[in-house]
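[1] Next comes the sequence, and after it the predicted model I'd like to discuss.
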Amino acid sequence: MLKRTHTCGELGKDHIGESVNLNGWVNTVRLHGQVIFIDLRDRYGKTQIVFNSEDYDGDFESVKKLSMEDVLSVKGTVQARGENAVNPDMSTGEIEVMVDTMELLSETTPLPFVITDRESASEDLRLKYRYLELRTDELQYNIITRHKAYQAVRGFLSENNFLEVETPILMKSTPEGARDFLVPSRLHNGKFYALPQSPQIYKQILMISGFDRYFQIVKCFRDEDFRADRQPEFTQIDIEMSFVDEEDIYSNMEGMTRHVFKEVIGTELPDPFPRITYDEAMSKYGSDKPDTRYELFLQDVKQFTDVSDFNAFKSAECVKAIVVLGGAKYSRKNIDEMTDLVKSFKAKGLTWMKMEEGQLTGGISKFFGDDLQKELISSTGICDGDIIFLIGDERSVTEKSLGALRVEIANRENLADKNDFKPLWVTEFPMFEIDEETDKLTFLHHPFTSPTTQNVNELDSDPESLKARAYDLTLNGYEIAGGSIRIHNPEIQNKVFSLLGLSQEEAQEKFGFLVEALTYGAPPHGGIAFGFDRLVMLLTGSSNIRDVIAFPKTTSALSLMDGSPDSVSDNQLDELNIQIIKKK
RNA sequence: GGGAUCGUAGUUCAGUUGGUUAGAACGCCGGCCUGUCAAGCCGGAGGUCGAGGGUUCGAGUCCCUUCGGUCCCGCCA
């Protein structure tokens, strides 16, 4: 091997005349009979190397056989390109390397897809050959950006006195929350470890141990169903602080987020980040993670529909509307598509009216008299050429479905600027909600979240109306972090467990060690966890989480490259005393 | 658990109302070519139409089952 003296991204005019060695992959071959151009690629860039039959020392015929993704080492001389031959699209486009010696380090068999064109293969094929896909410019950029994000996070937190502490991957299964991935124990027959859904309990215990500022960039595991932005294993920036309230968390985390965006992509974020309460976010945006890059607010129109002749809305708990600028252009088909969308969020339908020449027309407009139309027009601010969409239903259905429609319309109308980053704290989450399946009280965040009250009696009287000291950080419609101030009083902690329907025994069995730890001098503490993959997704402008993970799994949690999960040998099962029961 | 959608050459796709020998581009193989950068031109090989079953004289096309991808609802503290 001719060991490289330079990478494929660094040669320029200053190197003209130098003898250099390059190593890399053949990106493209352009064969012209007696002269051959090859773009040689490594992770630093591409350099055009030239083989000329007159100057090349080796066997020119074997150079003709080179094809994409062969691995070469070459020795040659850097030369300026002719004036017409300069390639302004390449950072090394002013020079080329005239090769005199070449060694073929590795020859590739025919490729399953073309590396230079990521779109040339479907995603399942790319995932099977992930090592090839990772050679593409886009994924190389994403992985490099991810690296920069790790370093920026560690740099900032370490600089600010946070200690990086590792916590166990094999831990105790805890009830509630997401489904655990289980790991059978060989030494303890019939018992199981769980993989952490998050290091939540460990980090609280670290606070009790006196490590008042902790962080960890850590894998978490949840055995649930997946989405474009959810994987079975994902990475969190896990953070916890002692002797703090919400304001300390906000200011530190804003500092970290600003630092990361500045360091990694050179973007300045606002200071401070704006805040909105959960109730206001739901009411105004129909989402607990609103994208504030555009307005398109939800407006309450129940007072108008109640006095109209449109009876379907009269019994609805909540009637809201959004006005789309220029939306009168929407066809029947467009509106049908949007109707399907809101129906998937349990809305019964989507009603609409268009505004033309000062009049509301079409849709349900005939149910609104002239005077009522005028009031509705002036209240909503609808203008000629606009459309107004209305949904009436239970409050949560109305808001969620209109919130989804709001995002869909923003996509269609290109309302969100890709280079615009709008962080937003969402605060004052409810402490509990009713689980629709079991009809029982359940937590919104997790069972260690402090309620806003420290009064045990108040907790008992009307738990549903209680607020939690919980907060989410959202960015452009994504939840990128969530956290809370924790309970540090064992009495309150036990009360919350009991409200959640955990018996004294269950709570003792599952969380007893934490409750006991709280009795030995627990400092007030709180923290947050960032979804690191989502953060990198936003930093790279990717639209799915798989594009920022080196070896992701599919939506059905398969790894197409290595074929996991897979069956194991009977021997392995015997050692664990596990028997597979065939499903009927 | 549910909904939508996709699966045809190595790859991306086309394939009419069910009808003769399933096409194109890129890639691959061979040939020509000394200034290209998505090089160009000529030729060639390459198909279990995801799998299984059914309807039919006849299925890539219609029906059922199943596997896999993607997106979404539920779920995900």
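    Arrived safely.
[2] quick one: contacts of the helix or strand where residue A:281 lies?
    Assigned by DSSP states H and E, residue A:281 falls within helix A:278-285. Here helix A:278-285 makes contact (C-beta atoms under 8 Å, 6 or more residues apart in numbering) with A:276, A:287-292, A:297-298, A:300, A:396, A:399, A:403, A:406, A:426-430. From N, CA and C alone the C-beta is placed, and that goes for glycine too.
[3] Show me what the helix or strand just after it is packed up against.
    Remark: after helix A:278-285, the chain's next helix or strand is strand A:299-300, criterion DSSP H and E. Secondary-structure packing of strand A:299-300 (3 or more C-beta pairs under 8 Å, 6 or more residues apart in numbering; DSSP states H and E): strand A:318-324.
[4] what residues does the stretch 451-584 of chain A put near RNA strand B?
    A:544, A:546, A:554-556, A:558, A:560 (C-beta under 7 Å from any atom of the strand).
[5] redo that, cut-off 10 Å
    Counting by C-beta under 10 Å from any atom of the strand, the residues of the stretch 451-584 of chain A lying close to RNA strand B are A:468, A:470, A:479, A:482-484, A:529, A:543-547, A:552-560, A:583.
[6] can you check the stretch 151-300 of chain A too?
    Near RNA strand B, when you scan the stretch 151-300 of chain A using C-beta under 10 Å from any atom of the strand, you find A:174, A:176-180, A:196-201, A:203, A:220-232, A:234, A:236, A:238, A:288.
[7] 7 Å - rerun?
    Counting by C-beta under 7 Å from any atom of the strand, the residues of the stretch 151-300 of chain A near RNA strand B are A:176-179, A:197-198, A:200, A:222, A:224-225, A:227-230.
[8] As TSV, these with pLDDT and distance to residue A:244 would be great.
    Formatted as TSV, these follow (pLDDT from 0 to 100; distance: C-beta to C-beta, whole Å):
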residue	pLDDT	distance to residue A:244
A:176	69	26
A:177	83	24
A:178	91	27
A:179	93	32
A:197	94	24
A:198	94	19
A:200	95	17
A:222	95	27
A:224	94	31
A:225	94	35
A:227	92	32
A:228	91	34
A:229	92	29
A:230	94	29
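[9] re the thing from before, and the helix holding residue A:281, C-alpha only, in PDB?
    Listed next in PDB are the C-alpha coordinates belonging to helix A:278-285 (Å, rounded to 0.1, in the frame of the first residue of the first chain):
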ATOM      1  CA  TYR A 278     -49.500  23.400  27.900                       C
ATOM      2  CA  ASP A 279     -53.100  24.700  27.900                       C
ATOM      3  CA  GLU A 280     -52.300  27.600  25.700                       C
ATOM      4  CA  ALA A 281     -50.300  25.400  23.300                       C
ATOM      5  CA  MET A 282     -53.200  23.000  23.000                       C
ATOM      6  CA  SER A 283     -55.800  25.800  22.600                       C
ATOM      7  CA  LYS A 284     -53.800  27.900  20.100                       C
ATOM      8  CA  TYR A 285     -51.900  25.300  18.100                       C
END
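[10] roughly how far out does that helix sit from the chain middle?
    22 Å (C-alpha atoms, centre = their mean, to the nearest Å).
[11] Averaged pLDDT, it. What do you get?
    Helix A:278-285 comes out with an average pLDDT of 96.
[12] how about it: buried residues?
    A:278, A:281-285 (16 or more other C-beta atoms under 10 Å).
[13] can you check stretch A:368-379 too?
    A:368, A:372-373, A:376-377.
[14] tell me which of the buried residues of helix A:278-285 is nearest to residue A:125?
    For these, the residue nearest residue A:125 by C-beta to C-beta is residue A:285; the value is 38.3 Å.
[15] ranges for the helices of the stretch 251-400 of chain A?
    Applying DSSP state H, counting those that start in this stretch to the stretch 251-400 of chain A gives helices spanning A:278-285, A:302-305, A:332-343, A:370-380, A:395-413.
[16] and those, which one is worst for confidence?
    helix A:332-343 (a mean of 90).
[17] Count the neighbours of residue A:559 for me.
    Applying other C-beta atoms under 10 Å, we find 17 residues neighbouring residue A:559.
[18] Pull the number of nearby residues for the nearest residue to it once chain neighbours are set aside.
    Distance criterion C-beta to C-beta, 6 or more residues apart in numbering; nearest residue to residue A:559, sequence neighbours excluded, is residue A:553 at 5.1 Å. The number of residues packed near residue A:553 is 19, by other C-beta under 10 Å.
[19] Please work out which residues outside the longest helix along chain A touch it.
    When chain A is parsed with DSSP state H, its longest helix is helix A:137-159. With C-beta under 8 Å, 6+ apart as the test, helix A:137-159 has contacts from A:43, A:118, A:133-134, A:164, A:213, A:215, A:217, A:237, A:239, A:255-256, A:259-260, A:263-265, A:532, A:535-536, A:539-540, A:542, A:547-548, A:550.
[20] so what's residue A:493 up against?
    Contacts of residue A:493 by C-beta under 8 Å, 6+ apart are A:448, A:487, A:511, A:514-515, A:518.
[21] Which single one of those residues is nearest to RNA strand B?
    residue A:448 (7.1 Å; C-beta to the nearest atom of the strand).
[22] which non-adjacent residue is nearest that closest one?
    Residue A:448 sits nearest to residue A:486 (C-beta to C-beta, 6+ apart), 4.9 Å away.
[23] How confident is the prediction for that neighbour, by pLDDT?
    97.
[24] Which members of the residues of the stretch 151-300 of chain A next to RNA strand B are positioned in helices?
    Counting by DSSP H, those contribute residue A:200 to helices.
[25] Shouldn't residue A:97 be within a strand?
    Yes - the assignment for residue A:97 is a strand, going by DSSP: H, G, I helix; E, B strand; the rest coil.
[26] distance of it from RNA strand B?
    10 Å (C-beta to the nearest atom of the strand, to the nearest Å).
[27] Can you read off the pLDDT for that residue?
    Reading off the model, residue A:97 has pLDDT 97.
[28] for it, which residues make a bridge with it?
    residue A:49, residue A:78 (DSSP bridges).
[29] dump the residue contacts of it.
    A:11, A:20, A:22, A:47-50, A:74, A:76-79.
[30] Buried among those? Make that a ChimeraX selection.
    Typed into ChimeraX, the line below selects the buried ones among the contacts of residue A:97, using 16+ other C-beta under 10 Å:
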select /A:11,20,22,47,48,49,50,74,76,77,78
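[31] Report how many residues lie close to the residue lying closest to residue A:468 once chain neighbours are set aside.
    Leaving aside its sequence neighbours, residue A:468 sits nearest to residue A:431 (C-beta to C-beta, 6+ apart; 4.1 Å). Per other C-beta under 10 Å, the neighbour tally for residue A:431 reads 25.
[32] Can you point out the buried residues in stretch A:246-258?
    A:246, A:249-250, A:252-254, A:256-258.
[33] quick one: residue A:492 and residue A:454 touch, right?
    Yes - the criterion here is C-beta atoms under 8 Å, and residue A:492 meets it with residue A:454 at 6.6 Å.
[34] In terms of neighbours, single out the busier of these two.
    The neighbour count for residue A:492 versus residue A:454, taken as other C-beta under 10 Å, is higher for residue A:492 (18 against 12).
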